[in-house]
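**Student:** sequence and computational prediction follow.
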There are 2 protein chains.
Amino acid sequence: MTGSSLPVAIDAMGGDHAPDQIIQGARLAMESGIPIVLFGTEEALHGVDDIETIFVSEVVGMDEDPGQAVRRKKDSSLIRAAEYVRDGHASAMVSAGNTGATMASALLRMGRLKGVSRPAIATPIPTLEGDHPVILLDSGANAECQPEWLLQFAEMGAVYARDRFDVEKPKVGLLSIGEEAGKGNSLIKDSYDILNSGDWQTICKAEFIGNVEGRDLMSGTVDVVVTDGFTGNVALKTLEGTAKAIVSALLSAFSSSEDAKAGAKLLAPSLIPLYQKLDPDSVGGAVLLGVKGIAIVSHGSSSANAILNAIKTAHELFEDDHVANLQSVLKP
Amino acid sequence: MTGSSLPVAIDAMGGDHAPDQIIQGARLAMESGIPIVLFGTEEALHGVDDIETIFVSEVVGMDEDPGQAVRRKKDSSLIRAAEYVRDGHASAMVSAGNTGATMASALLRMGRLKGVSRPAIATPIPTLEGDHPVILLDSGANAECQPEWLLQFAEMGAVYARDRFDVEKPKVGLLSIGEEAGKGNSLIKDSYDILNSGDWQTICKAEFIGNVEGRDLMSGTVDVVVTDGFTGNVALKTLEGTAKAIVSALLSAFSSSEDAKAGAKLLAPSLIPLYQKLDPDSVGGAVLLGVKGIAIVSHGSSSANAILNAIKTAHELFEDDHVANLQSVLKP
């Protein structure tokens, strides 16, 4: 399957700036040569005649309960987009909407890869030092985990790091509260033993570097950080919240006086690259690993540019045969 | 017991800049009227004749296993300082050394308050918005917790917020992965139910505001954040690591060109207050809540000023009768 003629299915209804920024992002993707099919209500997609559209009658809200939403709203953009991928009409799906509902739609309609106990959300964390983002998984799909699942997260994360960021031999770390083996709670101790032994490192061409700590997430010293979905989600939101608090305090400081404004102007050329590195728009969204298809969630505040990057990521993963690569390392 | 004549017991051997910065911090505290007794080796305290000193023969290293260290090194500065507090010769102990060993020394020598299941480490998180730090507990003492322990952390955290930061009616949140009740792992769901009912809020003059997320840690919307020691430690190190990565990237940017240097100079008056707010030196260290005495751990890189602030905190908590206040809300 070459796939270059298959479109990426886009949920036009999800995100703080839907549908305008989503449609705009889809248009940018088409201009760069990626075919698109947009799923949305007739009202939202009114006047869009340069992109293939499929009308739906239901919309899943940002704060709706994911489980209920996907069970009830069978004609929602999320469910319909997931079915389109399942049926081979689209290469991947992309949404900036309700993360849980997007993941649930993908899981229910595409199904799991053979041998996968639990799919996991893999989120790219921008690093300031390293030359590519760090992959954190599970960042929220499974609040309660078993050690064997964390092994699968490690396997899938390693394949993903290679397919997405060209990391030849990904360094995989286990998120804990001390570097020494034996630090952490019982899940982490048991997972350490499983990750440290066995042939998965050879099969996945990865290296287990042991425990890592929260401070390593942005350091660039590790490529894939494995954790349960509760800890991963807390870490992700702590990191995002800290970065946001500091950046917004900086921006206030930059306009706090005439001197400060003049200083900020002089500093701008040095600060803008830094700001871009931290910008979640540039990293292309989180992906659900372990389902039979590609499903990407871009953050809720996605701009057209964030959507473009998410679509590019989805398209490239499909071209790289990422789902087949994942299946090849998983024990059926 | 008025306590104003009781000295604070200082571990002169712990921390990256021990003993010099520790001694210097102790001296600053004495100058501000707080009596001090320094615990250290004869070599380390050689020439110190303006502060009361007690010589010890053993030192606990920063990376030593806490359990082994405190069992074996009975003549270490940590164990001897904890005994001094237990025996009523000192008001509190302060160390910038091995966190686990300091906490273990305090726990073993001072003992638990009546009714306390597990003491917890309470760490002040600097906020940029609020007018006082947020208290995170447990930030690392207990990797595995039970819901009843989290209730005690909430009770102790509320009393601590009042005694330390004069928060009249502390807002207490439970760290989870979504604001709605029912979000999180089983520990959090069970803890939510316990925290949401009962009379602890009345007894502790506190308000349970439900689940909070990692992004709320620096927001100033909550005064006390309750979690298990594994999640708390991951969140703390993620927050510290993120702040450090951004600040060091900023500092590089500030010297990256002549224009940038000139801009940074103009911005300095607006940025310095921000930097000071984020500086862990200013918040005075973490405290072990639930033991019969006051034990404070300042971070490893503590300067004399950080030690001074930790000593002031210790002294004030003693003057406020903090340990008795904690005991009064705990069911024996």
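**Tutor:** Nice, I can see it.
**Student:** ranges for the strands of the stretch 51-200 of chain A?
**Tutor:** Ranges of strands in the stretch 51-200 of chain A, per DSSP state E, counting those that start in this stretch, are A:52-55, A:92-95, A:120-125, A:134-137, A:171-175.
**Student:** for the longest one, packing partners?
**Tutor:** Right, strand A:120-125. Packing contacts for strand A:120-125, counted by 3 or more CB pairs under 8 Å, 6 or more residues apart in numbering or on different chains; DSSP states H and E, involve strand A:134-137, helix A:147-165, helix A:229-254, strand A:286-289. For glycine as for every other residue, the C-beta is placed from the backbone atoms N, C-alpha and C.
**Student:** got the angle between that strand and helix B:229-254?
**Tutor:** Interaxial angle, strand A:120-125 versus helix B:229-254 (axes from the mean of the first three to the mean of the last three CA atoms, to 10 degrees): 30 degrees.
**Student:** using PDB, write out every CA atom in strand A:120-125.
**Tutor:** Only the C-alpha atoms of strand A:120-125 are listed here, as PDB (Å, rounded to 0.1, in the frame of the first residue of the first chain):
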ATOM      1  CA  ALA A 120      -1.100   4.300  25.200                       C
ATOM      2  CA  ILE A 121      -1.000   8.000  24.500                       C
ATOM      3  CA  ALA A 122       2.500   9.100  23.400                       C
ATOM      4  CA  THR A 123       3.100  12.900  23.800                       C
ATOM      5  CA  PRO A 124       6.100  14.700  22.400                       C
ATOM      6  CA  ILE A 125       7.700  16.900  25.000                       C
END
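**Student:** quick one: closest of the helices and strands packed on strand A:120-125 to residue B:76.
**Tutor:** When the helices and strands packed on strand A:120-125 are compared for distance to residue B:76 using CB to CB, the nearest one is helix A:229-254, at 33.3 Å.
**Student:** just the mean pLDDT for that closest one, thanks.
**Tutor:** Mean pLDDT, helix A:229-254: 93.
**Student:** that helix and chain B, are they touching?
**Tutor:** Yes. Applying CB under 8 Å from any CB of the partner chain, one finds helix A:229-254 touching chain B at A:229-231, A:233-247, A:249-250, A:253-254.
**Student:** among those, name the buried ones.
**Tutor:** A:229-231, A:233-246, A:249-250, A:253-254 (16 or more other CB atoms under 10 Å in any protein chain shown).
**Student:** pull up the residues of the stretch 51-200 of chain A that are close to chain B.
**Tutor:** A:127-129, A:140, A:143-144, A:175-177, A:183-186, A:188.
**Student:** and the helices and strands packed on strand A:120-125 as JSON lines, adding distance to residue B:90?
**Tutor:** Shown next, in JSON lines, are the helices and strands packed on strand A:120-125 (distance: least, CB to CB, whole Å):
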{"stretch": "strand A:134-137", "distance to residue B:90": "44"}
{"stretch": "helix A:147-165", "distance to residue B:90": "45"}
{"stretch": "helix A:229-254", "distance to residue B:90": "36"}
{"stretch": "strand A:286-289", "distance to residue B:90": "51"}
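**Student:** to residue A:273, which of the ones you listed lies closest?
**Tutor:** Here helix A:229-254 is closest among the helices and strands packed on strand A:120-125 (CB to CB), at 14.1 Å.
**Student:** quick one: that closest one to strand B:171-175, angle?
**Tutor:** 130 degrees.
**Student:** now for helix A:229-254, which elements pack on it?
**Tutor:** Counting contacts by 3+ CB pairs under 8 Å, 6+ apart, helix A:229-254 packs against strand A:120-125, strand A:134-137, strand A:171-175, helix A:258-278, helix B:229-254, helix B:258-278.
**Student:** what's the angle from that helix to helix B:258-278?
**Tutor:** Using the same axes, to 10 degrees: helix A:229-254 against helix B:258-278 is 120 degrees.
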